[in-house]
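Chemist: Can you look at this prediction? I've put the sequence above it.
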Amino acid sequence: MTAVATPKAPSRRISLSLNNDHSCAPLSYLEMGRVDGPVLVFLHGLGADCLAWHYCLPAFMARYRIIALDLPGHGRSGVDVGDGDVAFMTGWLDEALALLKVSSAHVVGHSMGAKLALGLAHRHPERVQSMTLIAPAGLGGPFHYETMDAYLAAPSLKTAHDLARFLVTERHAQMVPALAQALYEAVSDPGRQAAFVKLLETAKTFGVALSPEWRDWSRLRCPIQFIWGDQDRLTPLNEAAYLPPDAVVHVLPDVGHLPHVEAAAGVVARLKAFLETAV
């Protein structure tokens, strides 16, 4: 009697890795999920790191290869942010994906990471299968960076606490102490503080808003969805401009600038449903 081979379960892994082959090494990233699954790339916002997505990532492990990057100047990645502009950042991202053998991916970005995702879709459209843009910088109302300025100009637990309080709603005030500690630790290293300042100053100099050609949504072929907190004070939705006319916008109630932290279950549900149609 011939034995029937038992199908092998897909390989899964979790690793926090450094790649020193990047031209701005090291490249730091968190990888988890199916090694043979569709790729899902997560891009954090200014002052955060790859672990900012920790409430969301486990829900996708069974089906996707998940890569959460530490962007330049953040986490354990190198501190070089070039001129701090989108051209440098998208070039960095394109090289990172090539090193990780990612030809194309579903991209999820928050705030600065969302703007970077959009830049990647314009400059390297073959890389992006779909985009989920969460509280995207450049598409909401005027960027209210005064609290961010104070945090970067004089880093302390107090200025970090003030920023944390500004980012979330009163309903999620219990998150403020841990968030403030993380924000303070993020700028405790002078090199990383300088990188954050460069990124913010470049945004101010050239404008956080997107250039006219980036507001031409007809140039993009991938599916796009937006997720926003209705009480986002950093990039207010009620002042949003330049969204595509048929935009799919999910507005989460009583949520501020950090939907993936304040309302992770809602973000996961909407991302899962979106990917079902985009895969």
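Modeler: Cool, the structure landed.
Chemist: Now stretch 56-74: buried residues?
Modeler: Buried residues in stretch 56-74, defined by neighbour count with 16 or more other C-beta atoms under 10 Å: 56-57, 59-61, 63-74. Where C-beta positions appear, they are placed from N, C-alpha and C, glycine not excepted.
Chemist: same thing with stretch 122-130?
Modeler: Using 16+ other C-beta under 10 Å as the test for burial, stretch 122-130 gives 122, 124, 127-130.
Chemist: Quick check: of those, which lies closest to Ala153?
Modeler: Checking the buried residues of stretch 122-130 against Ala153 with C-beta to C-beta, the nearest one is His122 at 32.4 Å.
Chemist: neighbours around the residue lying closest to Asp49 once chain neighbours are set aside, how many?
Modeler: Closest residue in space to Asp49, ignoring its immediate chain neighbours: Gly75 at 3.4 Å, by C-beta to C-beta, 6 or more residues apart in numbering. The number of residues packed near Gly75 is 22, by other C-beta atoms under 10 Å.
Chemist: so which helix or strand takes in Gly75?
Modeler: Counting by DSSP states H and E, there is no helix or strand that carries Gly75.
Chemist: That one and Val251: what is the separation?
Modeler: 29 Å (C-beta to C-beta, to the nearest Å).
Chemist: cool, Ala160 as well?
Modeler: 28 Å.
Chemist: Name the residue in the two with the higher neighbour count.
Modeler: Higher neighbour count among Ala160 and Val251: Ala160, with 24 against 14, using other C-beta under 10 Å.
Chemist: Which strands and helices lie in contact with whatever helix or strand the more buried one lives in?
Modeler: In this structure, Ala160 sits in helix 157-167 according to DSSP H and E. Under the contact criterion of 3 or more C-beta pairs under 8 Å, 6 or more residues apart in numbering; DSSP states H and E, helix 157-167 touches helix 146-153, helix 176-186.
Chemist: Quick check: which of those helices is nearest to Asp246?
Modeler: Nearest of the helices and strands packed on helix 157-167 (C-beta to C-beta): helix 146-153, 32.1 Å.
Chemist: contacting residues around the closest one?
Modeler: Applying C-beta atoms under 8 Å, 6 or more residues apart in numbering, the external contacts of helix 146-153 come out as 46-47, 159-160, 162-163, 166, 183, 187, 193, 196-197, 200, 234.
Chemist: With stretch 255-274 instead?
Modeler: Applying C-beta under 8 Å, 6+ apart, the external contacts of stretch 255-274 come out as 52-53, 55-56, 59-60, 108, 110-111, 130, 132, 134-135, 166-169, 171-172, 175, 179, 223, 225, 227-235, 248, 250, 252.
Chemist: and if we set it to 6 Å?
Modeler: Stretch 255-274 has contacts (C-beta atoms under 6 Å, 6 or more residues apart in numbering) with 55-56, 59, 132, 134-135, 167-169, 172, 225, 227, 229, 231-232, 234, 250, 252.
Chemist: Alpha carbons of that stretch, as PDB, please.
Modeler: What follows is stretch 255-274, C-alpha atoms only, in PDB (Å, rounded to 0.1, in the frame of the first residue of the first chain):
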ATOM      1  CA  VAL A 255     -10.600  58.300  16.500                       C
ATOM      2  CA  GLY A 256      -7.700  60.700  16.100                       C
ATOM      3  CA  HIS A 257      -4.600  60.600  14.000                       C
ATOM      4  CA  LEU A 258      -3.700  56.900  14.900                       C
ATOM      5  CA  PRO A 259      -6.500  54.700  13.600                       C
ATOM      6  CA  HIS A 260      -4.300  51.600  13.500                       C
ATOM      7  CA  VAL A 261      -3.600  52.100  17.200                       C
ATOM      8  CA  GLU A 262      -6.800  53.600  18.500                       C
ATOM      9  CA  ALA A 263      -9.200  51.400  16.400                       C
ATOM     10  CA  ALA A 264      -7.100  48.500  15.200                       C
ATOM     11  CA  ALA A 265     -10.000  46.100  14.800                       C
ATOM     12  CA  GLY A 266     -11.800  48.600  12.500                       C
ATOM     13  CA  VAL A 267      -8.700  49.100  10.400                       C
ATOM     14  CA  VAL A 268      -8.100  45.300  10.200                       C
ATOM     15  CA  ALA A 269     -11.700  44.600   9.100                       C
ATOM     16  CA  ARG A 270     -11.600  47.200   6.400                       C
ATOM     17  CA  LEU A 271      -8.200  46.200   5.100                       C
ATOM     18  CA  LYS A 272      -9.200  42.500   5.000                       C
ATOM     19  CA  ALA A 273     -12.400  43.300   3.000                       C
ATOM     20  CA  PHE A 274     -10.400  45.600   0.700                       C
END
